[in-house]
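sequence first, then the predicted structure, then my questions.
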2 protein chains.
Amino acid sequence: MERIYNFSAGPSMMPLAVLQRAASEMVNFNGCGQSVMEMSHRTDEFSRIINKTESLLRKLMGVPQNYHVLFLQGGAWTQFAMVPINLAAVERDSPFKKAVYIDTGIWADKAISEASKYVVARTPASSKGEKYTYIPCPPPAEPDDAYYYICLNNTIMGTRWTELPATGGVPLVADVSSCILSEPIDVNRFGLVFAGAQKNLGPAGCTIVVIKDGLCEGAPSWAPAMLNYSAHINEKSLFNTPPCYCIYMIGLMLEWLDEMGGVEAAYKINQEKAALLYNYIDESGFYRAPVRPKDRSLMNVRFSIQEEDAEKQKLLEKRFTKQAQAAGLANLAGHRLAGGLRASIYNAMPIEGVRALIEFMNHFKKDV
Amino acid sequence: MERIYNFSAGPSMMPLAVLQRAASEMVNFNGCGQSVMEMSHRTDEFSRIINKTESLLRKLMGVPQNYHVLFLQGGAWTQFAMVPINLAAVERDSPFKKAVYIDTGIWADKAISEASKYVVARTPASSKGEKYTYIPCPPPAEPDDAYYYICLNNTIMGTRWTELPATGGVPLVADVSSCILSEPIDVNRFGLVFAGAQKNLGPAGCTIVVIKDGLCEGAPSWAPAMLNYSAHINEKSLFNTPPCYCIYMIGLMLEWLDEMGGVEAAYKINQEKAALLYNYIDESGFYRAPVRPKDRSLMNVRFSIQEEDAEKQKLLEKRFTKQAQAAGLANLAGHRLAGGLRASIYNAMPIEGVRALIEFMNHFKKDV
């Protein structure tokens, strides 16, 4: 079988050229007589790999010198705890500080429930009442908020922030897991951003954290060492054995992005891909995109089949994903908590994949 | 350059056949049109991979049915916190429980300091006074100890437990990071064992936890969700996106071990490899192994060059590692906190590698 178009929300498609290079370097990396998988993380060979990966990320994302770049483990779920523990948590016997969370969907929700163990998580705005189909207008921060948390692109709900909230002096924190490097962002506007690798960066198993110097002055004494940003900052991501091979793969992905023209070039193609797909859906008279046009994600395109009978709709959508899978268009079911259909079209999804999807959608529509 | 013999303590050598297979399956796994790196962890393809890996581990390690096998992230450092948080920690306002730790070296020490955030970590035995060159006689547990913690093989100090402590009804917990699958262990003797993958199991980035059913009844309410064993047990290691590719690689390593005859076969070769090297050292009149013979690790062979002048010794050992590296025998320096020299000879180090090392050691000795 040839390679498929994989519309998974993550782990997700990677460029063929990157995979081929990884395969060719697997047994003997750069003539050093070993695989990257076998390298001690304390060797010069691995230092060169992690340093190159960090430099490329800084260049492509425009990370200023007064920000640290960390390669951690544990995904967004670990960040849901690390953010409050490091930016706002207190010793065991002290009253909680407070922080702002904007509730834009299931991942923001999980971040809120995790944060509530360590801070008073204020939620002054939510789009839950309309099934998270838009980004709510963000109220201003209060001066004693420890930080202001948003999920910049909502993988499950298919929404995206296009304007950042004004937070005054309060540090803005963002989960950018599903949009990192897909469009330019001004890192200076943030105190901290984090992203799991398994969408736009590489295989699952590494989490990138970009954090402003001085933002985190140390976690409380009860915090696990591994959840303390300072420990990782002080040791330049080598506090413990990092996920070395994953970091190497991120480096290959970043080289690929750099060669294609960087984030600006990717953004242009991503806009084109998303416009193609949303336009087709809107004009189809058969499919429907639930998200308000202004807030639609460029990475995760949610849609459903127009059908008033809910049971019939479910059956149709099931047939849709099954036939699509057979046609080499994989993982088009919506998230189990959101239902419907979803096409995740990260940087590595070529425009040909989107065209193939539209062609399939058109055939399916005619067949029904 | 040909492939080297890599004596690193971790990440460490992997079998060439395993790396070649990974390379050949990189772009299109099993004809499914995608790389394992690209697979959603919720697909049937990936389920088959993680299930196969778990079954093989259960078979090779002899894991009874009433134990869970977890594939987590964060390495031993995360387990240093998860063990006390899940087996003994209390709500914020309650007095600490107590647990036993036997201090056999730097990694046990780090586990103790981390545990002290959550429990009263009693340390009734330590070999620190003699530079950790032996395993101390373990005192019995007290009935109200929440658990009894040992580091089964001490990677840095080069020691190994050959007899398990009698803990009565108190659950025995062991860090088996550097000896897992290198010799048979009776899992029934333990409440919990854990191991980072990067020594005997595969690349860095995954931690195996084997935990007896019912041992952990739930972490306190303040515990981060990711550090709660129950969350991972309930979701069969898919609470969040796992390190999928790393799990796949562990599967390939386990298949390799299975084909060579399993743990019994590996143990026989490991004993032979260690005996060759220790015997050479003991009889050389030039090198010296500091660990008491009874407690010597089969995986991490510590040695030094006999020389009374400490400065001269350091220079000689530096020359040794440099010349060895040039001869394709890599990473023979001792841990920076222990000094001297160390050869880590995990399952994937062939006996030819040990022979090549001995030959080099003999040349070096004659040249000095």
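All right, it came through fine. Numbers count the residues shown, from 1 in each chain, chains lettered A, B, ... in the order given.

the stretch 1-150 of chain A: strands as residue ranges?
Applying DSSP state E, counting those that start in this stretch to the stretch 1-150 of chain A gives strands spanning A:5-6, A:67-72, A:98-103, A:120-126, A:145-151.

contacting residues around A:Gly340?
Contacts for A:Gly340 (Cβ atoms under 8 Å, 6 or more residues apart in numbering or on different chains) come out as A:Pro290, A:Arg302, A:Phe303, A:Ser304, A:Glu317, A:Gly334. The C-beta positions use only the backbone N, C-alpha and C, and glycine is treated the same way.

which of those residues sits closest to chain B?
In terms of Cβ to the nearest Cβ, no member of the contacts of A:Gly340 lies closer to chain B than A:Gly334, at 12.2 Å.

so what does the residue lying closest to that closest one once chain neighbours are set aside have for phi and psi?
Nearest-residue entry for A:Gly334: A:Gly340, 4.0 Å, with adjacent residues in sequence omitted and distances by Cβ to Cβ, 6 or more residues apart in numbering or on different chains. Main-chain dihedrals, A:Gly340, degrees, to the nearest 10: phi 70, psi -150.

and A:Gly340, how far is that from A:Gln198?
Noted for A:Gly340: a distance of 22 Å to A:Gln198, by Cβ to Cβ, to the nearest Å.

so which residues on the stretch 201-350 of chain A come close to chain B?
A:202-206, A:221-227, A:239-246, A:249, A:328, A:330-331 (Cβ under 8 Å from any Cβ of the partner chain).

ok, now with 10 Å
With Cβ under 10 Å from any Cβ of the partner chain as the criterion, the stretch 201-350 of chain A meets chain B at residues A:202-207, A:220-227, A:231, A:239-249, A:325, A:328, A:330-331, A:333, A:335-336, A:344, A:348.

I'd like to know which of those are part of helices.
A:Ala231, A:Cys244, A:Tyr245, A:Cys246, A:Ile247, A:Tyr248, A:Met249, A:Gln325 (DSSP state H).

now these: which count as buried?
Neighbour-count burial (16 or more other Cβ atoms under 10 Å in any protein chain shown) applied to these gives A:Ala231, A:Cys244, A:Tyr245, A:Cys246, A:Ile247, A:Tyr248, A:Met249.

circling back: for the strands of the stretch 1-150 of chain A, which one sits closest to chain B?
The closest of the strands of the stretch 1-150 of chain A to chain B is strand A:5-6. By Cβ to the nearest Cβ, the value is 5.6 Å.

off-centre distance for the helix ranked longest in chain A?
Assignment by DSSP H gives helix A:262-284 as the longest helix of chain A. Here helix A:262-284 is found 18 Å from its chain centre; the criterion is Cα atoms, centre = their mean, to the nearest Å.

swap in stretch A:254-269?
Distance of stretch A:254-269 from the chain centroid (Cα atoms, centre = their mean) equals 17 Å.

buried sites along it?
A:Leu254, A:Glu255, A:Trp256, A:Leu257, A:Gly262, A:Val263, A:Ala266, A:Tyr267, A:Ile269.

any idea how far apart the tips of it sit?
One end of stretch A:254-269 to the other measures 16 Å (Cα to Cα, to the nearest Å).

now do stretch A:139-151
Using Cα to Cα, one end of stretch A:139-151 lies 15 Å from the other.

what about it, near chain B?
No - against chain B, stretch A:139-151 shows no contacts by Cβ under 10 Å from any Cβ, the least distance being 15.3 Å.

and that stretch, what's buried?
Buried positions in stretch A:139-151, judged by neighbour count with 16+ other Cβ under 10 Å: A:Ala141, A:Asp145, A:Ala146, A:Tyr147, A:Tyr148, A:Tyr149, A:Ile150, A:Cys151.
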